[in-house]
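# okay, here's the prediction I keep looking at, along with the sequence it came from:
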Amino acid sequence: MAVGKPTLYLVHEPERACFEALLADGFARQAAFEICSYLAQSTDLAPEFDAIGTACAARGLDFRAVELDDAAGVLETADRDRSLVWTLTDGVAYFRGGAAPALARLNGLRTIGADDSLFALCQDKFRSGAVLSALGLPVPQAGLVRGGEWLVEPPVSVSGYFVKPNRLGAKIGIWEDSRIGRAGDALGLGRRVFDAYRDEVVVQPYVAGRNVRASFLAVDPNAGVNVLGISFVESGGDFQTMADSMALYGDTGAAARDEGSYREPELVPVASLQPRAAKTIEGMAARLMAGLGLRDVFSMDLRVEADDTVHLIEFEVCPGLPCFDFRAYCRMQWGMSLAEAMAETAARRFD
C-alpha cells in the first residue's frame, strides 16, 4: 500500500466566518467588524498558501490550509504518524481557534506550539497575569471591571492606569483615552467595552517605557532563548490603538499599501541599545518555557524603561506570523522568508 507524504495542516479561522458567527450571536455589525480585524493574519497569510505549499514540497511535505469550521472532519481522518497541526489563530471567546490544538490532541496528532491549555490561558489577560505573577515575573498587578462595576480593584498607582479588554486582543477596543489618571475613570471605559464587545476590562497601573516585542520560532527543534528576537517597536505613539492595528493588517492594511500610505513601525534590536534589558527578557522567556511549557512558536509584549527595568505585559502562543515584526524576525534570525521558515520548522519536526 502506498504511503502518503508527511502533511502539515495549518488551521485558521477566517475573518468572514468569525464575522458571521458574531452577527448570529447578536453583535452589532461595527463591533463584529472590529473584533474580526484581529483575525487579519488569516487574511494576510492566505495569498501565501501556495508559497508555503511550494516550500513544503521542496522539503518532501504536503501542505493543507484548513479553515477552522472544516478542521474537525479533516483532523479526524488525518494519519497520526504522518501529520503535524499548526494553529494559526487562537481564541476561546470571540474567536474559536483555541479548539484546533484540542482537536489535534483528541485525534492523537502532533502539533507545532504549546499545548491547548495555554491557548485558553493567554487569551484571558486577568488569569494569565495572576499565573505569571505566581511565577515571579514582573507583570503589572491588575484590577477587573465588568460593565461599570469592580470585580477586583487595582492597586494604588501614582502613574495612572491603563485599561484594555480582558479576552480580546490587547488592541481591540483600545481608544486614545485608554490611559487614565484615576482608577474610577475605568468604570466608564468598562461600560463602553462591555456594551460594544461584552468583555470585562483589565485595569493595570500604567508602566512607562518603550514597547518591545520578543518573537520566537524554533526552526531548529533544539533552539533555546538564544534565537529569541527582541526589538523595540517604534510606532510614534505610546501604545497601539485599535485604529493603528487595523491600519497595518487585513483589508485595511492592503488598501493602505495600494494607496502608498502604509507605514510600518520601526524595529530596533534592544540589545543594540540596552543589552542588560535584552538579557533580562531572555531570562523571562526561559522562565516561561520552563514554567508554562512554551515551545516552538510564541511572542512576548513588554515595556522597557531607560534604567533597564522590564515589565512583561502579556505572552501569545499564536503570534501574528504574517505581521511585519515576525517576518523581519524570520529574515534576521533564520535568513528565510516566512513561508520557508514555516516549512523548515515542520520538516525538522518530521525528521
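Right, received. Where do you want to start?
# right, and residue 76 touches residue 104 too?
No - if you go by CB atoms under 8 Å, residue 76 and residue 104 don't touch, sitting 10.6 Å apart. (C-beta placed from N, C-alpha, C; glycine too.)
# what about those two, which has more around it?
A direct count of neighbours by other CB atoms under 10 Å for residue 76 and residue 104 places residue 104 higher, at 26 against 11.
# list the contacts of the more buried one.
75, 85, 87, 110-111, 116 (CB atoms under 8 Å, 6 or more residues apart in numbering).
# hmm, try it at 7 Å
Contact partners of residue 104, counting by CB atoms under 7 Å, 6 or more residues apart in numbering, are 75, 85, 111.
# that one: which element?
helix 99-106 (DSSP states H and E).
# show me what counts as buried in the helix ranked longest in the chain.
Identified as the longest helix of the chain according to DSSP state H is helix 275-291. Neighbour counts over helix 275-291 (16 or more other CB atoms under 10 Å) mark 277-282, 284-285, 287-289 as buried.
# and stretch 9-24, by the same measure?
Buried, per 16+ other CB under 10 Å, within stretch 9-24: 9-15, 17-19, 21-22.
# over to stretch 97-106?
97-104.
# may I have that stretch as PDB, with CA atoms only?
Taking C-alpha atoms only, stretch 97-106 is exported to PDB below (Å, rounded to 0.1, in the frame of the first residue of the first chain):
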ATOM      1  CA  GLY A  97      -9.200  28.800  17.100                       C
ATOM      2  CA  GLY A  98      -8.200  27.500  20.500                       C
ATOM      3  CA  ALA A  99     -10.300  24.500  19.600                       C
ATOM      4  CA  ALA A 100      -7.700  23.400  17.000                       C
ATOM      5  CA  PRO A 101      -4.900  22.100  19.200                       C
ATOM      6  CA  ALA A 102      -7.600  20.400  21.400                       C
ATOM      7  CA  LEU A 103      -8.900  18.700  18.200                       C
ATOM      8  CA  ALA A 104      -5.400  17.600  17.300                       C
ATOM      9  CA  ARG A 105      -4.900  16.100  20.800                       C
ATOM     10  CA  LEU A 106      -8.300  14.400  20.600                       C
END
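# does residue 49 touch residue 64 like I think?
No - assessed by CB atoms under 7 Å, residue 49 is found out of contact with residue 64, at 9.3 Å.
# go through the buried residues of stretch 97-106 and name the one nearest residue 166.
Within the buried residues of stretch 97-106, the smallest distance to residue 166 is 15.2 Å, found for residue 98 (CB to CB).
# isn't that closest one right next to residue 89, touching?
No - the criterion here is CB under 7 Å, and residue 98 misses it with residue 89 at 9.0 Å.
# and residue 64, bridged to which residues?
Beta bridges link residue 64 to residue 9 when assigned by DSSP bridges.
# what pLDDT does it get?
For residue 64, the pLDDT comes out at 98.
# now do the contacts for residue 108.
residue 80.
# what strand or helix carries it?
Remark: residue 108 resides in no helix or strand, with elements defined by DSSP H and E.
# separation between it and residue 75?
10 Å (CB to CB, to the nearest Å).
# poorly predicted segments of this protein, please.
1-3, 169-174, 236-262 (pLDDT under 70).
# which segments of it make up each domain?
7-113, 141-205, 210-335 (automatic domain parsing).
# possible to save these as CSV with distance to residue 342?
Below are the domains of the chain laid out as CSV (distance: least, CB to CB, whole Å):
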stretch, distance to residue 342
domain 7-113, 6
domain 141-205, 22
domain 210-335, 7
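# of all the ones you listed, which lies closest to residue 132?
Going by CB to CB, the one of those nearest residue 132 is domain 210-335, 6.3 Å.
# sec struct for the closest residue to residue 330 other than its chain neighbours, please.
Distance criterion CB to CB, 6 or more residues apart in numbering; nearest residue to residue 330, sequence neighbours excluded, is residue 341 at 4.3 Å. Under DSSP: H, G, I helix; E, B strand; the rest coil, residue 341 falls in the helix class.
# pretty sure residue 341 contacts residue 220?
No - using CB under 7 Å, residue 341 is not in contact with residue 220; the gap is 11.0 Å.
# could you check which of these two is surrounded by more residues?
Taking neighbours as other CB under 10 Å, residue 341 and residue 220 compare with residue 341 leading, 24 against 12.
# how close does the more buried one get to residue 288?
Residue 341 is 21 Å from residue 288, by CB to CB.
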